[in-house]
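1. Could you look at this predicted model? Sequence included:
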Amino acid sequence: MNNLDERLLKIINEEFTKKDSAYNIRKDGKSIDRASTENIKIESKTDKEGIDIYVKEGTINGYVHIPVLLTKNGFSDKVYNDFHIGKHSIVVINAGCGIHNDAHKDSSHNGIHRFFVEEGSYVKYIEKHYGEGEGTGKKILDPVTEVYLGKNATLEMDTAQIRGVSSTIRSTKAILEDGAKLVIGEKIMTHEDQSAKTIFEVTLNGKKSSAKVTSRSVATENSHQEFVSNVIGNNDCFAHVECDAIIKDNASVTSDPKISANHIDARLIHEATIGKIAGEQLIKLMTLGLSKKKAEETIINGFLK
């Protein structure tokens, strides 16, 4: 890894450490460094690009890092990663992709991640995306996430699009069994002519299963964002979907919610708020000596925390 690689890695995964963790670093379509631990094994797929991550039953405080770096101009990458989480385990997984593109050809990464979380396990999944480069070529990231939660299993998913991504379509699908719990927090920032679309489809099949999806986004300049959600309640369950967005300049945001209750005890809620920065917030900060630009930045940073 060179200095550019190290810097990109720091941006998308500042918590990365090789000590006591399993990891796989992928650069420009190839694995360049990998390690397993006693309880977490990482193996290459034999039928397509990607890896299988196996977490042994009963693993406590396991750590996995699978960052992706794209620095070859005009390069397209597609990878399939499957996570097999044994029963009654606790594991933190850090993923994400950093793209550096100085060319006039587009660079893209498409990561298809599937999570098979067995009974009683807890997974914390963190994913950060970032793009940079002086060329006119686009930086494209289209992640696909599939989640299968067994009885009383939990997955908490924090995703962030930091900046610099020209276009993205983020698709997440989850199926929950009895007592399973899904918590998703999404943060997206777009500017210039960038576009971002997120799609959530959550099916609650299990009794007492629950889901909470929170999307916070800021769209500035001429960018556009679209939020699509479809929550299906097939049992005694609860789900709350919340989409909050701030728009500036000529930006636009649309929200397309759908909820389907197929059981008398399915309780499903969707809330959406889209608007500009509140004037009273700006005035309050500007009276403290901040410029309008700095006051807006302060509000946006606080909103996306």
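-> Happy to help now that I have it. Just so we're clear, the structure is a prediction, and the values are computed from it rather than from any experiment. Numbers count the residues shown, from 1 in each chain.
2. Can you show me the CA trace of the lowest-mean-pLDDT helix or strand in the chain as CSV?
-> Within the chain, judged by mean pLDDT, DSSP states H and E, the helix or strand with the poorest mean is helix 279-286; its value is a mean of 71. Extracted C-alpha coordinates of helix 279-286, given in CSV (Å, rounded to 0.1, in the frame of the first residue of the first chain):
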residue,chain,number,x,y,z
GLY,A,279,-34.1,30.5,9.6
GLU,A,280,-34.2,30.8,13.4
GLN,A,281,-31.3,28.3,13.6
LEU,A,282,-29.2,30.4,11.2
ILE,A,283,-30.0,33.6,13.1
LYS,A,284,-29.1,32.1,16.5
LEU,A,285,-25.7,31.0,15.3
MET,A,286,-25.0,34.2,13.3
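3. So for whichever helix or strand comes after that helix, what gets flagged as buried?
-> Scanning forward in sequence from helix 279-286, with DSSP states H and E defining helices and strands, the next element found is helix 292-303. By neighbour count, with 16 or more other CB atoms under 10 Å as the criterion, the buried positions of helix 292-303 are 295, 296, 299, 300, 303. Quick note: C-beta positions are derived from backbone N, CA and C, even for glycine.
4. and the nearest residue to the fourth one once chain neighbours are set aside, what does it touch?
-> What that stands for is residue 300. Among residues not flanking residue 300 along the chain, residue 218 sits closest, at 5.2 Å (CB to CB, 6 or more residues apart in numbering). Contacts for residue 218 were tallied using CB atoms under 8 Å, 6 or more residues apart in numbering; they are 188, 189, 190, 245, 246, 247, 248, 300, 303, 304.
5. For the fourth one, give its distance to residue 190.
-> If I follow you right, that is residue 245. For residue 245, the distance to residue 190 (CB to CB, to the nearest Å) stands at 10 Å.
6. which of those two has more neighbours?
-> For residue 245 against residue 190, the residue with the higher neighbour count under other CB atoms under 10 Å is residue 190, and the figures read 26 against 22.
7. about what we covered before: could you dump the contacts of residue 218 into a markdown table and include distance to residue 170 and pLDDT?
-> Formatted as a markdown table, those follow (distance: CB to CB, whole Å; pLDDT from 0 to 100):
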| residue | distance to residue 170 | pLDDT |
| --- | --- | --- |
| 188 | 8 | 92 |
| 189 | 13 | 90 |
| 190 | 12 | 93 |
| 245 | 15 | 92 |
| 246 | 19 | 91 |
| 247 | 19 | 92 |
| 248 | 22 | 89 |
| 300 | 20 | 78 |
| 303 | 19 | 76 |
| 304 | 16 | 76 |
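8. Narrow the residues you listed to those in strands?
-> Using DSSP state E, 188, 189, 190, 245, 246, 247 are the members of the contacts of residue 218 that sit in strands.
9. Pretty sure the first one sits against residue 220.
-> No. Taking contacts as CB atoms under 8 Å, residue 188 lies outside contact range of residue 220: 11.5 Å.
10. Which one's more surrounded, these two?
-> Legend: neighbour count by other CB under 10 Å for residue 188 and residue 220, higher for residue 188 (28 against 18).
11. Which residues are in contact with residue 103?
-> The neighbours of residue 103, taking CB under 8 Å, 6+ apart as the test, are 73, 74, 133, 135, 137.
12. Put the buried members of these into a ChimeraX selection.
-> For selection in ChimeraX, the members of these meeting the burial criterion (16+ other CB under 10 Å) are listed in this command:
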select :73,133,135,137
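13. Which of the contacts of residue 103 sits closest to residue 277?
-> Of all the contacts of residue 103, the one with the least separation from residue 277 (CB to CB) is residue 133, at 29.2 Å.
14. contacting residues around the closest one?
-> Applying CB under 8 Å, 6+ apart, we find residue 133 in contact with 99, 100, 101, 102, 103, 139, 164.
15. can you check residue 72 too?
-> Applying CB under 8 Å, 6+ apart, one finds that residue 72 lies in contact with 28, 107.
16. For it, give me phi and psi.
-> Here the main-chain torsion angles of residue 72 (degrees, to the nearest 10) amount to phi -80, psi 120.
17. separation between it and residue 217?
-> According to CB to CB, residue 72 stands 30 Å off from residue 217.
18. just residue 58 next, same as before
-> Going from residue 58 to residue 217 by CB to CB gives 38 Å.
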